[in-house]
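Visitor: Have a look; sequence and predicted model below, questions after that.
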Amino acid sequence: MCRSIKTLRNAEIPATEEEIRAAALQFVRKVSGYRKPSKVNEAAFELAIAEIAQSTQKLLGSISVKSIT
């Protein structure tokens, strides 16, 4: 599922807000089945993207990443 979402966890280069939002957008599109929501569903779509992006940021900030050398 969501093969187009790139891995954001990286020991040397942290993910940007844009990368995190893009991954959240891809996830919401996949789960909802809509590339672009109708006007009536737009607020729910955007809220889901924001919540997933926030959760992703928390996850990336809390997991331990070991550098491979």
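Guide: Yep, it's here.
Visitor: For the spatially most central residue of the chain, which residues are in contact?
Guide: Most central residue of the chain, judged by C-alpha distance to the mean C-alpha position with CA atoms, centre = their mean, is residue 24 at 2.7 Å. The contact partners of residue 24, by CB atoms under 8 Å, 6 or more residues apart in numbering, come to 48-50, 52-53, 56. C-betas here are computed from N, CA, C, even on glycine.
Visitor: Kindly recompute the last result at 7 Å.
Guide: By CB atoms under 7 Å, 6 or more residues apart in numbering, residue 24 lies in contact with 49, 52-53, 56.
Visitor: tell me the helices in the protein, going along the chain?
Guide: Taking DSSP state H, the helices of the chain run over residues 17-32, 42-62.
Visitor: out of these, nearest to residue 9?
Guide: Shortest separation from residue 9 across the helices of the chain is recorded for helix 42-62, at 6.2 Å, computed as CB to CB.
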